[in-house]
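J.: Any chance you can model this:
(chains A and B)
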Number of protein chains: 2
Amino acid sequence: MRVYDLVIVGGGPAGMSAALYAVRQNLKFVMLAEQVGGLANLVPNLKAYLGYQYITGFDLIGRFKEHLSKYKVPVKDEKAIGVSKRGQVFSVKTAGRVYRSKSVIIATGRRFKKLGIPGEAKFSSKGVSDCTICDGPLFRNKTVAVIGGGRTGLFATLFLLEIARKIYLVEKNGKLKTEGGMKKVAEAVTGSRKVRVLTGTSVKEIRGNSFVRSLMLRKDGKNLALPVDGVFVEVGYVPNTEFVKGLARFNERGEIVVDAECRTSVPGLFAAGDVTQLKEKQVVVSVGEGAKAALSAVLYLEEIQKRGR
Amino acid sequence: MRVYDLVIVGGGPAGMSAALYAVRQNLKFVMLAEQVGGLANLVPNLKAYLGYQYITGFDLIGRFKEHLSKYKVPVKDEKAIGVSKRGQVFSVKTAGRVYRSKSVIIATGRRFKKLGIPGEAKFSSKGVSDCTICDGPLFRNKTVAVIGGGRTGLFATLFLLEIARKIYLVEKNGKLKTEGGMKKVAEAVTGSRKVRVLTGTSVKEIRGNSFVRSLMLRKDGKNLALPVDGVFVEVGYVPNTEFVKGLARFNERGEIVVDAECRTSVPGLFAAGDVTQLKEKQVVVSVGEGAKAALSAVLYLEEIQKRGR
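T.: Numbering: from 1, shown residues only, chains lettered A, B, ... in the order given. Coordinates of the predicted model:
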C-alpha cells in the first residue's frame, strides 16, 4: 500500500498555500478538499491581503486556484472522517478509503456554529441563514434579525446595513463585543438608525409557516415574539476538528494547539489556519501558516529519513 | 511627550503587513524604515506568494507599496539604535530622537553575513558582492566564485548559471547543503558543467589591483590561488537584532524567539518575519506574521487599557 509523504486535509487558504509549497518541493502528497477555498469564498471584501488592495474572497480564491493550476496538485474531493497514527505512519480515513502518510497537515478551518433551537433546522434556507453574503441580498428592504453580537454578528450586521430595511441585533450577553479591534465596527452598527440592539436577550425558537415569520425571544424573564422576514445565525464558529480528536492537543475551544512552526503535540502532525488556536482568523495569516506547515513537514520528513538510515 | 500605541521597526514584508493592519485598526503608530521592502526587493523570482504566479521581489514590493499608499502610513526614514522598556512604556531610540510607545513590533529582518577576511571590504563593489541580482549581470561570461554552499550560496549559484562562464562554488564544510528541501537545488547546481564545487575549502583572502583578481584558498592544509573576476559572498545571514539585545529572549543564532502569536518574552514587544527564530524565511510567511503581530498588539493594547481603568 502506498505511503504518501504528506496528506493535506482541507482546501482553504491554509491548505492551498501548503499544497503550493508541497508541490514545489516535489512531495508525494494529496490534498483532501470537498470545497477548495472554503469559507474564504464567502468573505465579501478583503482589504488586508497585502498586494491586493481590494478584492472579494471569491475572487482571491479564484487567483489562488489559478496559481495552483500551474502545478499538478492532486486534489481529492473527499472528507476526512478520522486520523490515527501507528508507528511512524498516519492513516487518514475518508468515506471511501484510507490514505497512509508519513506526515499530515490539518487545515480544515471552521464552520458556522448552530443555535440548536426549535425551528433552526426546519427553516434553514427558508429564512434562516448563516451566510450574509450568500443570502443577504434576498432580504432587500426586509426586516431581519442577526443573532449574535460578537465579531461574526457585528460584521454580518454591517454587511446587511446596505440591504435590509430594519435589523434586530440579538445578543444574549449584556453588551456587544468591542474587544479585539471591534470597537469601530460596533460603533458603526449601533450608530445606524436601521439597527435595534437587543442585549441580554436569548432566542428560544424560530417560527413560521412555509417561511420564517417570527422569533421567540426571552429578555428579563419575559417572552417576546418578534416578527421578522429572515434570521441570520451569527454566533461564531466551531473548528472542524472532530475527526482528529484524541490525537493531538486541543484548547478549550476545540482548536488544535500549534507552536510557532505549526507543529502539534504529535510528531509529523501539523496544523495551519483557522483550525488552530491562533486568534487571528485572517486569510493572509492562513496563507503564511500553510506555507510554514508545509516547510515544517519537509524538515520532519528529512529528519525521519535520516534517522531511518 | 507623545506616547504612540505602536512603533513598527522595519519596513520589509512583515513590517508592511503589520502597518496595513495597524492603520486599518486606527492605531497611533509609526513605522521606522530606512528602506521599504528590505531584502525582499532583491529576490529574483517569487513563485510561492499565493495569488501571484510569478513575480520578482522588486515588483511584489511595488504592489505592497501601492497597497499601503491607499492609507496614511506614517513612515520615518530612521534606523532604530536601541529599544528599552520602563514601566509600561517602550523607548525606541534613533539617531535623531526617541519614540515612546505602548507596544513595539520588531521586523528588522536580516542582512548578509560577512566573511571578515582581508580584501573583502577593500574590494566591496570592486568585484566583491553579496547580491547576485544586483551585481550578477556585471559578470556575464566571466569567471566568478560563490562563497558558501548553504541555501544562500546554492540559490546564488543557480541564479549565476545563466550569466557567468564559470562558477567556483567554495564551501568550507565537507558537503553542500541538501537539507531543508535544498536537495533539488544542490543537484541542479552540481549537475551543471559550468560549476566546479570546492568543498572542505576556506577562503583566506581576496586579492586584486583596482578590481578583484584572485582568491586565496586553503584546502587539505595547502594554499591555493584561484584567479576570478568576481566573488559573491553568500555565507548566509545575520538577524538585525543588535539594537534590541538585552531586552527580549534570543536563540543561539541571535534571532528573537516568538510564540505562535508573535509575542516575545517581553509583554508588549512583538516580532515578525526573518528577524525571528522561524526557520521559514519566506515573503508569504513574513506577511502573515506581520499581520499576526499587529493584531496581537491590538489585543495587548486593549488589555493594558482595561487594566489601567
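J.: from chain A, which residue is nearest to chain B?
T.: Closest contact between chain A and chain B, by C-beta to the nearest C-beta, is at A:Gly288 (1.9 Å). Bear in mind the C-beta positions are built from the backbone N, C-alpha and C, glycine included.
J.: Please name the residues that touch that residue.
T.: By C-beta atoms under 8 Å, 6 or more residues apart in numbering or on different chains, the residues touching A:Gly288 are A:Ser17, B:Val284, B:Val285, B:Ser286, B:Val287, B:Gly288, B:Glu289, B:Ala291, B:Lys292.
J.: do the same with A:Leu32
T.: A:Val7, A:Ile8, A:Val9, A:Gly10, A:Gly11, A:Lys76, A:Glu78, A:Lys79, A:Ala80, A:Val92, A:Thr94, A:Tyr99.
J.: State the helix or strand in which the residue of chain A closest to chain B lies.
T.: Assigned by DSSP states H and E, A:Gly288 belongs to helix A:283-308.
J.: likewise A:Phe155?
T.: Assigned by DSSP H and E, A:Phe155 falls within helix A:151-160.
J.: Roughly how far does the residue nearest the centre of chain A sit from B:His67?
T.: Residue closest to the mean C-alpha point of chain A, counted by C-alpha atoms, centre = their mean, is A:Arg110 at 3.2 Å. Look at A:Arg110 and B:His67: by C-beta to C-beta, to the nearest Å, they are 27 Å apart.
J.: quick one: buried residues of the least confident helix or strand in chain A by mean pLDDT?
T.: Least confident helix or strand, chain A: helix A:132-135 with a mean of 87, by mean pLDDT, DSSP states H and E. For helix A:132-135, the neighbour count (16 or more other C-beta atoms under 10 Å in any protein chain shown) marks A:Thr132, A:Ile133, A:Asp135 as buried.
J.: Stretch A:33-43 now?
T.: Neighbour counts over stretch A:33-43 (16+ other C-beta under 10 Å) mark A:Ala33, A:Val36, A:Gly37, A:Gly38, A:Leu39, A:Ala40, A:Asn41, A:Leu42, A:Val43 as buried.
J.: One more: stretch A:160-174?
T.: Quick answer for stretch A:160-174 (16+ other C-beta under 10 Å): A:Leu160, A:Ile163, A:Ala164, A:Lys166, A:Ile167, A:Tyr168, A:Leu169, A:Val170, A:Glu171, A:Lys172.
J.: now swap in stretch A:299-309 and tell me
T.: Buried-residue list, stretch A:299-309, by 16+ other C-beta under 10 Å: A:Tyr300, A:Leu301, A:Glu302.
J.: quick check, it touching chain B?
T.: Yes - using C-beta under 8 Å from any C-beta of the partner chain, we find that stretch A:299-309 touches chain B at A:Leu299, A:Glu302.
J.: Give me the average confidence score over stretch A:270-289.
T.: The average pLDDT within stretch A:270-289 is 96.
J.: chain center to that stretch, what's the gap?
T.: 10 Å (C-alpha atoms, centre = their mean, to the nearest Å).
J.: swap in stretch A:211-231?
T.: 28 Å.
J.: same deal with stretch A:259-273?
T.: On the basis of C-alpha atoms, centre = their mean, stretch A:259-273 sits 18 Å off its chain's mean C-alpha point.
J.: ok, and does it reach over to chain B?
T.: Yes - using C-beta under 8 Å from any C-beta, stretch A:259-273 reaches chain B at A:Asp259, A:Ala260, A:Glu261.
J.: List the buried residues in that stretch.
T.: Applying a neighbour-count criterion of 16+ other C-beta under 10 Å, one finds A:Ala260, A:Glu261, A:Cys262, A:Arg263, A:Thr264, A:Val266, A:Gly268, A:Leu269, A:Phe270, A:Ala271, A:Ala272, A:Gly273 buried in stretch A:259-273.
J.: and of those residues, the nearest to B:Ala186?
T.: A:Glu261 (23.2 Å; C-beta to C-beta).
J.: mind listing what the closest one touches?
T.: Residues counted as contacts of A:Glu261 (C-beta under 8 Å, 6+ apart) are A:Lys292, A:Ser296, B:Leu278, B:Lys279, B:Glu280.
J.: Excluding chain neighbours, what is closest to A:Arg2?
T.: A:Arg100 (6.9 Å; C-beta to C-beta, 6 or more residues apart in numbering or on different chains).
J.: for the record, mean pLDDT for the helix or strand hosting the one you found?
T.: Using DSSP H and E, A:Arg100 maps to strand A:98-106. Here strand A:98-106 scores 98 as its mean pLDDT.
J.: how about the contacts of A:Gly288 in CSV, adding distance to B:Asp220?
T.: As requested, the contacts of A:Gly288 are exported to CSV (distance: C-beta to C-beta, whole Å):
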residue, distance to B:Asp220
A:Ser17, 45
B:Val284, 43
B:Val285, 40
B:Ser286, 41
B:Val287, 46
B:Gly288, 46
B:Glu289, 44
B:Ala291, 50
B:Lys292, 49
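J.: So for stretch A:54-61, what gets flagged as buried?
T.: Buried residues in stretch A:54-61, defined by neighbour count with 16+ other C-beta under 10 Å: A:Ile55, A:Thr56, A:Gly57, A:Leu60, A:Ile61.
J.: Kindly apply the preceding question to stretch A:188-207 instead.
T.: By 16+ other C-beta under 10 Å, the buried positions in stretch A:188-207 come out as A:Val189, A:Val195, A:Val197, A:Leu198, A:Thr201, A:Ser202, A:Val203, A:Glu205, A:Ile206, A:Arg207.
J.: Please, which helix or strand holds the last one?
T.: Assigned by DSSP H and E, A:Arg207 belongs to strand A:201-208.
J.: chain center to that strand: distance?
T.: Distance of strand A:201-208 from the chain centroid (C-alpha atoms, centre = their mean) equals 25 Å.
J.: Show me what the next helix-or-strand element following it pairs with in its sheet, parallel or antiparallel.
T.: Scanning forward in sequence from strand A:201-208 by DSSP H and E, the next helix or strand is strand A:212-219. Applying DSSP bridges to the sheet, strand A:212-219 is found paired with strand A:201-208 (antiparallel), strand A:222-227 (antiparallel).
J.: Let me have the ones you listed in TSV, extended by mean pLDDT and distance to A:Gly254.
T.: Output for these, formatted as TSV (pLDDT from 0 to 100; distance: least, C-beta to C-beta, whole Å):
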stretch	mean pLDDT	distance to A:Gly254
strand A:201-208	97	22
strand A:222-227	96	31
